[in-house]
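Chemist: Using only what follows, build the 3D model:
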Amino acid sequence: MSSAWKHYGNAGHLCVANLCRFHLCTEVGEYLVSTVGEYYRDQNNKNMTALGFGKQFYETEVFKWYGRCACGCGLPEIDPSMLEQKRYETPLDANLGHVAMCEKYDDLHSSEMSPGVIIKKVKSIRLNIKDNEGGTKINEEIQV
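Modeler: Next up, the predicted model:
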């Protein structure tokens, strides 16, 4: 990791993100990488609504940011012109895709700041995903 990554506990994009049960948001240099998913149109709906075509229930979007949100939440204020987007079918793919996008933009930020060799460090992710009844669906560590 060449630049400091700052993680946020809420979504960084999507006007209905408050209805998404899955969200990752990471500041990487001057970029904000935001992943949302598990969108339920309302609290009574028991089925997830796709964010893309077919069974794409998760999406990652990347933005440049220019300041801090005026509401005081601490999130970066983003330029709404999305730089990149990727959609996924599973939470595992969304987690891995989020980290991969952070690494990509970390490398881009680093190469813009100081030309030269960029070294990637191997990371692992511990996934502990529970279903609505509290039972564990996935509990594993993955090297990325």
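Chemist: ok, now which ones touch the residue lying closest to residue 13 once chain neighbours are set aside?
Modeler: Of all residues not flanking residue 13 in the chain, residue 34 sits nearest, at 4.4 Å (Cβ to Cβ, 6 or more residues apart in numbering). Where you see a C-beta, it was placed from the backbone N, CA and C, and this is true even at glycine. Residue 34 is in contact with 11-14, 23-26, 60-63, counting by Cβ atoms under 8 Å, 6 or more residues apart in numbering.
Chemist: which one of those residues sits closest to residue 88?
Modeler: Nearest to residue 88, judged by Cβ to Cβ, of the contacts of residue 34 is residue 60 at 7.7 Å.
Chemist: What are the boundaries of the strands in the chain?
Modeler: For the chain, the strands defined by DSSP state E occupy 5-8, 20-28, 31-39, 58-68, 76-78, 84-88, 124-130, 136-143.
Chemist: residues touching residue 30, list them.
Modeler: Applying Cβ under 8 Å, 6+ apart to residue 30 gives the contacts 64-65, 109.
Chemist: What is the burial count for residue 58?
Modeler: 30 (other Cβ atoms under 10 Å).
Chemist: Next: residue 65.
Modeler: Here the number of neighbours of residue 65 (other Cβ under 10 Å) works out to 18.
Chemist: pLDDT wise, what is the closest residue to residue 85 other than its chain neighbours at?
Modeler: Spatial nearest neighbour of residue 85, chain neighbours left out: residue 61 (4.9 Å); criterion: Cβ to Cβ, 6+ apart. pLDDT, residue 61: 94.
Chemist: Name the residues linked to the residue nearest to the spatial centre of the chain by a beta bridge.
Modeler: Centroid-nearest residue in the chain: residue 35, 2.8 Å away (criterion: Cα atoms, centre = their mean). Beta bridges link residue 35 to residue 24, residue 60 when assigned by DSSP bridges.
Chemist: Tell me who's in contact with it.
Modeler: Contact analysis of residue 35 by Cβ under 8 Å, 6+ apart lists 22-25, 58-61, 94-95, 97-98, 101.
Chemist: surely the residue nearest to residue 85 meets residue 13?
Modeler: Yes: with contacts counted by Cβ atoms under 8 Å, residue 61 reaches residue 13, the gap being 5.2 Å.
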